[in-house]
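A.B. asks: This is the structure alone, sequence omitted:
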């Protein structure tokens with residue numbers, strides 16, 4: 001696996017991210033109440049960038065009316081909602097109406113599973129994994145109640161790795177494969193393009209949970225080839241919305257889950273309730289942020305998809321550089337178990353460890369030192385059980401993104417030395 005998680009061959013990173021400029025885009029880093037705190041729980045939700053918070057504040061102040069009406073405030077509200085869909089879909093390499101907004105990724109998966117419940121027939125088979133966050137596993141597994149055969153692509157109990165050789169026989173006659181781009185505790189980046197191609201060759205549709213990957217660079221869904229790709233805006237520097245791409249060929253086949261009179265609108269077919277207008281509009285700030293990072297490189301102007309590709313690679317390059325020292329430190333200890341690969345290029349900077357003390361106890365011990373991390377099972381009960389870790393004991397999870405500094409990582413290592 002290279003940095004080409006956006007579905008292309010490795011592109012040269014022409015410029016490095018300037019961490020000082022990058023952090024200036026986030027109000028949290030100038031907030032007095034957060035001073036001295038090193039944030040290592042980004043997998044639970046990133047800091048929002050100022051483009052998002054400014055758009056949200058403006059919408060509530062100037063445009064908090066029913067959108068798409070004939071008067072000025074209403075017209076502007078609708079236009080800003082449309083802007084978010086248009087700009088983010090361009091980044092993702094899909095058509096605007098192939099992108100849906102919902103209250104959360106968990107809710108989006110649930111609604112989608114109900115559509116498949118109607119569409120599939122008893123005896124049809126789907127494939128899920130035991131590497132997933134429960135949001136992209138539980139709703140699919142419940143289809144067994146409707147007579148759907150649920151097959152499980154199991155991870156290696158020693159490494160947490162999903163082996164494609166184990167997948168191929170499970171795809172025989174399957175209608176759907178649901179798997180994560182990246183596990184929220186194992187951290188390994190799965191080769192979405194290769195897995196998708198294998199599933200498509202077998203006649204199965206593909207649903208990818210991108211919640212744990214997208215914070216590290218928005219993916220080019222069009223290039224990856226997945227039929228469904230989902231992620232959470234509040235983990236990609238935005239508001240609390242779930243974003244779901246459903247490609248047209250599948251979306252127009254699945255039964256409508258929205259109002260009957262919206263059945264002809266792909267972007268509304270899987271949104272039963274009205275969207276949060278302000279948060280949808282504020283999601284355009286994610287695109288603003290990507291454009292701002294690209295502008296900092298002082299490179300020639302290119303289209304949105306190409307800009308996002310370069311920013312993606314720059315984010316990943318920075319994260320890999322920051323992550324390897326932490327992985328080396330943890331791998332060198334004989335009193336902790338590091339989940340997932342010890343090579344930074346193969347994983348996201350979402351690092352979980354199991355130790356004698358519970359994950360929650362370790363997170364509490366880090367807090368007085370200004371290290372904000374998490375402890376527990378992180379709704380990843382199935383993968384933890386599959387690799388032999390008691391979810392009640394849990395793991396310590398330390399997660400960061402491109403705006404983290406070298407000093408913060410070094411400080412984390414020093415503090416871990418004290419508390420482990």
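C.D. replies: In hand now; what should we look at? It should be emphasised that the depicted structure is a prediction, and the values quoted were computed from it without experimental measurement.
A.B. asks: Name the residues that touch the strand or helix carrying residue 152?
C.D. replies: Per DSSP states H and E: residue 152 is located in strand 149-153. Strand 149-153 is contacted from outside by 123-130, 140-141, 143-144, 162, 166-167, 170, 174, 177, 179, using Cβ atoms under 8 Å, 6 or more residues apart in numbering. Where C-beta positions appear, they are placed from N, C-alpha and C, glycine not excepted.
A.B. asks: Specify the residue ranges that define each domain of this structure.
C.D. replies: 19-47+305-419, 55-287 (automatic domain parsing).
A.B. asks: what about the longest one, start to end distance?
C.D. replies: Just to be clear, that refers to domain 55-287. 12 Å (Cα to Cα, to the nearest Å).
A.B. asks: Stretch 212-219 now?
C.D. replies: 12 Å.
A.B. asks: Residue 81 - how many residues pack around it?
C.D. replies: 25 (other Cβ atoms under 10 Å).
A.B. asks: Run through the residues that contact it.
C.D. replies: With Cβ under 8 Å, 6+ apart, residue 81 has these contacts: 67, 275, 277, 280, 281.
A.B. asks: Could you identify which of those residues has the most neighbours?
C.D. replies: residue 281 (29 neighbours).
A.B. asks: I'd assumed residue 82 was in contact with that residue.
C.D. replies: No - judged on Cβ atoms under 8 Å, residue 281 makes no contact with residue 82 at a distance of 9.0 Å.
A.B. asks: can you pull out the strands in the stretch 201-350 of the chain?
C.D. replies: 205-209, 228-232, 242-246, 336-338, 350-355 (DSSP state E, counting those that start in this stretch).
A.B. asks: I'd like those strands as JSON lines, with distance to residue 293 and mean pLDDT appended.
C.D. replies: Converted to JSON lines, the strands of the stretch 201-350 of the chain look like this (distance: least, Cβ to Cβ, whole Å; pLDDT from 0 to 100):
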{"stretch": "strand 205-209", "distance to residue 293": "24", "mean pLDDT": "98"}
{"stretch": "strand 228-232", "distance to residue 293": "18", "mean pLDDT": "97"}
{"stretch": "strand 242-246", "distance to residue 293": "19", "mean pLDDT": "97"}
{"stretch": "strand 336-338", "distance to residue 293": "30", "mean pLDDT": "98"}
{"stretch": "strand 350-355", "distance to residue 293": "21", "mean pLDDT": "98"}
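A.B. asks: between those, which gets nearest to residue 53?
C.D. replies: Each of these has some distance to residue 53 by Cβ to Cβ; the shortest is strand 228-232, at 16.9 Å.
A.B. asks: so where's the longest helix in this protein?
C.D. replies: Longest among the helix segments of the chain by residue count, using DSSP state H, is helix 304-331.
A.B. asks: re the thing from before, rebuild the strands of the stretch 201-350 of the chain as a markdown table, extending it with mean neighbour count.
C.D. replies: What follows is these, written out as a markdown table (neighbours: other Cβ atoms under 10 Å):
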| stretch | mean neighbour count |
| --- | --- |
| strand 205-209 | 26 |
| strand 228-232 | 27 |
| strand 242-246 | 26 |
| strand 336-338 | 17 |
| strand 350-355 | 24 |
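A.B. asks: Can you say which of those strands is nearest to residue 110?
C.D. replies: strand 242-246 (10.4 Å).
A.B. asks: mind listing what that closest one pairs with, with the direction of each?
C.D. replies: Using DSSP bridges, the strands paired with strand 242-246 are strand 99-102 (antiparallel), strand 228-232 (antiparallel).
A.B. asks: Out of those, flag the one nearest residue 45.
C.D. replies: That would be strand 228-232 among those, by Cβ to Cβ, at 8.1 Å.
A.B. asks: Determine how far the closest one lies from the middle of the whole chain.
C.D. replies: 7 Å (Cα atoms, centre = their mean, to the nearest Å).
A.B. asks: Ok, stretch 404-420 next?
C.D. replies: Put simply, stretch 404-420 sits 25 Å off its chain's centre (Cα atoms, centre = their mean).
A.B. asks: can you give me the strands in the stretch 1-150 of the chain?
C.D. replies: Under the criterion DSSP E, counting those that start in this stretch, the stretch 1-150 of the chain carries strands at the ranges 38-39, 99-102, 125-129, 149-153.
A.B. asks: mind checking which of these is nearest residue 367?
C.D. replies: strand 38-39 (10.8 Å).
A.B. asks: before we move on, back to that, list the buried residues in the strand holding residue 152.
C.D. replies: 149, 150, 151, 153 (16 or more other Cβ atoms under 10 Å).
A.B. asks: Helix or strand next in line after it, which one?
C.D. replies: Next element after strand 149-153 (DSSP H and E): helix 164-167.
A.B. asks: Just checking, which helix or strand succeeds that next one along the chain?
C.D. replies: That would be, after helix 164-167 and using DSSP H and E, strand 174-180.
A.B. asks: Which two of the buried residues of strand 149-153 have the greatest separation?
C.D. replies: 149 and 153 (13.6 Å).
A.B. asks: how far does stretch 333-341 stretch from start to finish?
C.D. replies: 15 Å.
A.B. asks: Can you pull out the residues in contact with that stretch?
C.D. replies: 159-160, 183, 185-188, 327, 330-331, 347, 351-356, 387, 389, 395, 420.
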